[in-house]
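> Model the structure of this input:
(chains A, B and C)
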Amino acid sequence: MANMPQTKETGSPFRLLGLAWALLGDVLDPVFRAIQKHIGAHRMAYVFLLPNLLVFGLFSFWPMVLNFYIAFTGGTSTLLAERPFVGLENFRELLACPDYFDPKTCPVAGYSFWTSLWNTLFFALLQVPIMIVVALATALVLNRDIRARGFWRAIFFYPVMLSPVVIAVIWDWILKRRGILNALLSDAVDGWNAFVKTPVFTLAFAFVIGVVVASLLRAVLPKGWRARMRSPLHIGVLMALAAFGMTMFGSPPQFPALVLADFRPINWLVDGRSGWPMFWAIFVYTWGHLGFYMLILLAGLQAIPRDLYEAAEMDGTPKWRQLWRITLPLLTPTMIVVVVLSLIRAFQVFDEIYVLTGGGPGQATKMIVQHIYETAFTGDAKRYGVAAASSVLVAGILMLLTMLQLVSTKKKAGG
Amino acid sequence: MATLSLKAVTKAFGPTKVIHGIDLDIAHGEFIVFVGPSGCGKSTLLRMIAGLEDVSTGDVEIDGAVVNAIPAAERGLAMVFQSYALYPHMSVKQNLSFGLENLGTPKAEIARRVDEAARMLRIEPLLARKPGQLSGGQRQRVAIGRAVVREPKIFLFDEPLSNLDAELRVQMRIEIGNLHQRLGNTMIYVTHDQVEAMTMADRIAVLRDGRLEQFGKPLDLYNRPANLFVAGFIGSPRMNFLSGKIAGVGANSVDVALDGGGTVSIPCAPEGAQPGEAVKFGIRPEHIGLTVNGAGDAALAVTLTEQLGGESYLHGALPSGETLSMRLAGQTRVARGDSIGLTLGEPGFRHLFHTDSGLAFAPLA
Amino acid sequence: MMTSTDFSAFFGRKRGRNGFDWTDALAYTYLVIGILIVLLPVVWMAVSSVKSQAALGENDPRILPYDQALVTPPNGGRPLGVFTLTRENGTVEEVALVAPRGANALVYALSKPNETFEVPRKSLTRKDVLQPHFENYTDPTIGQASTFKFLRYFWNSTFVTVVATLLTLLTNAMAAFALSKYKFRGRDAIVLIIVATLLIPPTVILVPLFITVQSFGLFNSLWGVIIPAVATPTGVFLLRQYMLTIPDELLEAARMDGASEWKIFWRIMLPLALPALAVLAILSVIWRWNDFMWPLIVLTQSEVFTLQLGLSTFKGELNDNMHYLLAMTVLTLLPVTLVFVFLQKHITTGIANTGLK
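Take a look at the predicted model:
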């Protein structure tokens, strides 16, 4: 924050801006001065607080309270007076399932609730670890003495700036049946199959086989043998030469096992029997949010004092030990923040996936917030009560996650 | 004309009382220094005068009118802060004129006052700069200038020199003194440095733990400290205190048998002196003399000699184990390990205090 | 082979005296691949947004916008596609396809437009030319060719973003000023409530918030999107943390200088809190511009749609307007992209320092 733009003394635009600023304040000053004269300087604090508290109270605090009331009412009216009190009926409809793991056994509202809840849990528990591992790896790489770190960091961060709708449109376009991913894969398979049949591939393949087999042998053989062996590179070159000889003077070796079957376009987001829709839901969401967590982790890494590494270097600490004993332990507080934040956010995923798949195919990618949204705001029967009851249950789960964070931070601080 | 009176002023932050009832009368044109160790309440007292802190009980009066309820801006005072508190986003000129603009002073008048203050403080070339582009001394001048342009009834200084280096501090001390000469305003100056207090003040108020220990002219505080605290606080290096018991009470003097050996006679009003009472005998390092033959009032085993060229300090221990410091003019041959004889001052330079209350025996008029 | 030691060296904090080694090569490879995954979809989409409707429909995997070359026949009429004819003897000629004839095709050579002849269709390859279609952008904006009312949506989005950001800055800064620089009864309680609300996700108050907004008559009004967003606890929190670091002595100096509390706020506090205000302004612009769920609930008439709503609705329509959709997507992501390009450093450091998004 230290290097934010500062107004400059010289330079007329800034000067004009400053004058306009002063003028605007001075115009309002008599009003506030009169209030201050009336109530005293100390109570001006309440005047400054008033606008924010008013909005905050009406549009944050009051709805929180109201939510509980609505959860116990039925009907489709938005007028509170016209909403009959139904007690626990809404909750019963959500929770009266013979088998929570099989939402089909639930009432209609319960079916939607439990399907989307299990989807959300599955999504969050898979997405969060994957994203954190990739974000951490990226942050660690960027924390090296990388040239133009700012540039790389900015690029990785860029998708965070994009709106969920834009992200969904881009990926939907890529993942269409007649989209560029299928086209690229098809081209790649064709290209590979053509490449497999060329002599260049034969030579390269022979070289790689030679190097890999020789390396494995070196690892397995006893010391004495190993000393007598030629280097893996050497053997690779020999293998390539042999293949070259066969190509020139005999029949070129063929590898039919390496020829892939022709690629048939996949309906990535529509094919309900495959796991692809959920896969892409996780992928696209991670693509859009990774940069943020990468940035936080990188900031955490850069806050670790450099001299710790210099001291470790002086002690002759190997790199892997520095990573495990210095970097990761000192990153723990940041890591806890990242885990909890990403878990809470993943649990509330809606925008990207709703625009990308609409929750489909079927209900394969329907998340809990979509359930609340659709229950309350789409369809003919606007079941506000059921939606509010679902919200209460979700709030409970989120509260639990937050508690978990507080407890784990406390434990870390204590230990 | 600006006089200031504090009438039984107290201050409490919640249950903790930080000022315990202070009475003080300051005449027009006086340069008053509040001095005391950190946490003594001197800054709080200044901020109460300024109007930045409420007065819990008691009254602050300016020119005879109680100002407790009057906001800071309307008391007609100006303050120079310890951190200078210059507005970092405004130029020096804007810093100087901001207050006058708030008061609705006409533009021409603002320009005149700013120019005059800038000339007086020699900051004219800096008017277009931002505080961040100034040195410590320059910032100090601007902070003073901001107070000067207001033409306040009373100037308040809150440890204004504590962020400057030693050389600059001496220079600014002289300049503030000159400023006072020229403007003739009442000034109240807070510091923890007794040298600043001694050199600048017309009168000094010594504070400790929210209480006024003594209020008087600098040399009165030096010559006739009212208690052990003031005696120890004023003067550098600090006064030596030796324990003893009253051996005899005369008409205008008290004889004290020192625990470290020897007896001294202190001229003072002997009221309340009881033979055998534990007392503290005080003598400043500069008033102790060296005897030629090693005899004298006390014998000192020297543990450290500091030679400053123009003067020398000897530190050592008396037979009782009490430590003692003395100042010698010029240079000395006394070295560590030597044993020397001392004279404990001319009788007029001797001080005597009750050990229990810390109060001084009243000196003879 | 990559042993665990090498693996850690790759992720470890490099490095001493030696120059470029293989772990560096690996690091840069990682970064390049990562950037391809991040940027390629966006760049590809942006370039494809000037492809023709036909090219998008037939899923041309080439990144640049190619169209089949067309030529008008000598007697006028519909333009004909241009093909490259490769004869058996290896000569090559450009021809226009008049009509297919079974396995053959009736063509004429561009050099001799009046002599038609038949050739096997196998000997023809389509001749493509680079042809960007900027009408994908102009039709839905200044033209009338689409149901996508870009200018209206753009204005709505801009209005919401600008007004909400200004109101957010003002009310949040005022509240943060009160909460950081005054001592008054209930202050700590208010701070606590605000921090607690940071933890309450907005998704769990959708229904009651909707009912509240509707009861204020703000349903299908842009103000229904703006006002609930204004009192963001995040902003108050962020600004308060920054204002706490501004020394009280400055405010006291201003108070001695006769400034009213409002003037202290406006002339001293706001200019000094500019860095934090800038961060909040940038965040607010991004939040409001990208908002989707709440506008989706409050705004149901296309007259008040924001760009995000318009875009998602347009995407859902069952028509073959991919060329418009991509172009409008580019226009929608353009403002935040420009903001990001120019303020990249401030955004990343600001977010890294505050941990807020």
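> Tell me where the stretch 51-200 of chain B has helices.
Along the stretch 51-200 of chain B, the segments classed as helices by DSSP state H, counting those that start in this stretch run B:92-102, B:107-121, B:136-149, B:166-183, B:194-200.
> Please disregard the earlier target; I meant the stretch 101-250 of chain A.
Under DSSP H, counting those that start in this stretch, the stretch 101-250 of chain A gives helices at A:108-142, A:149-161, A:164-175, A:180-196, A:199-220, A:223-228, A:232-249.
> closest one to C:Gly350 among the helices of the stretch 51-200 of chain B?
helix B:92-102 (28.2 Å; Cβ to Cβ). C-beta here means a position set from N, CA and C on the backbone, and glycine is covered the same way.
> Show me what the mean pLDDT comes to for that closest one.
Mean pLDDT, helix B:92-102: 90.
> burial measure for A:Pro13, as a count.
The local packing of A:Pro13 (other Cβ atoms under 10 Å in any protein chain shown) involves 9 other residues.
> got the domain boundaries for chain C?
Domain segmentation of chain C under automatic domain parsing yields C:17-48, C:66-130, C:139-354.
> returning to what we had before: and chain C, which of the helices of the stretch 51-200 of chain B is closest to it?
helix B:92-102 (3.3 Å; Cβ to the nearest Cβ).
> Does that closest one pack against any helices or strands, and if so which?
Helices and strands touching helix B:92-102, by 3 or more Cβ pairs under 8 Å, 6 or more residues apart in numbering or on different chains; DSSP states H and E, are helix B:107-121, helix B:136-149.
> close to chain C, is the first one?
No. Helix B:107-121 lies apart from chain C when judged by Cβ under 8 Å from any Cβ of the partner chain; the minimum separation is 12.5 Å.
> and that helix with chain A, contact?
No. Helix B:107-121 lies out of reach of chain A by Cβ under 8 Å from any Cβ, never closer than 14.4 Å.
> Now find how far off-centre that helix is within its chain.
Taking Cα atoms, centre = their mean, to the nearest Å, one finds helix B:107-121 lying 32 Å from the centre of the chain it belongs to.
> What's the mean pLDDT across that helix?
On average, helix B:107-121 scores 92.
> what angle separates that helix from helix B:92-102?
Orientation check (axes from the mean of the first three to the mean of the last three Cα atoms, to 10 degrees): helix B:107-121 against helix B:92-102 gives 130 degrees.
> Which elements pack onto helix B:107-121?
helix B:92-102, helix B:136-149.
> Can you say which of these is nearest to C:Asp60?
Using Cβ to Cβ, the nearest of the helices and strands packed on helix B:107-121 to C:Asp60 is helix B:92-102, at 63.1 Å.
> returning to what we had before: and the helices of the stretch 101-250 of chain A, which is most packed in?
Counting by mean count of other Cβ atoms under 10 Å in any protein chain shown, helix A:164-175 has the highest mean neighbour count of those, with a mean of 25.
> so where's chain C shaky on pLDDT?
Scanning chain C for pLDDT under 70 picks out C:1-20, C:144-147, C:199, C:318-319, C:353-357.
> What parts of the stretch 101-250 of chain B come near chain A?
B:Ala128, B:Arg129, B:Lys130.
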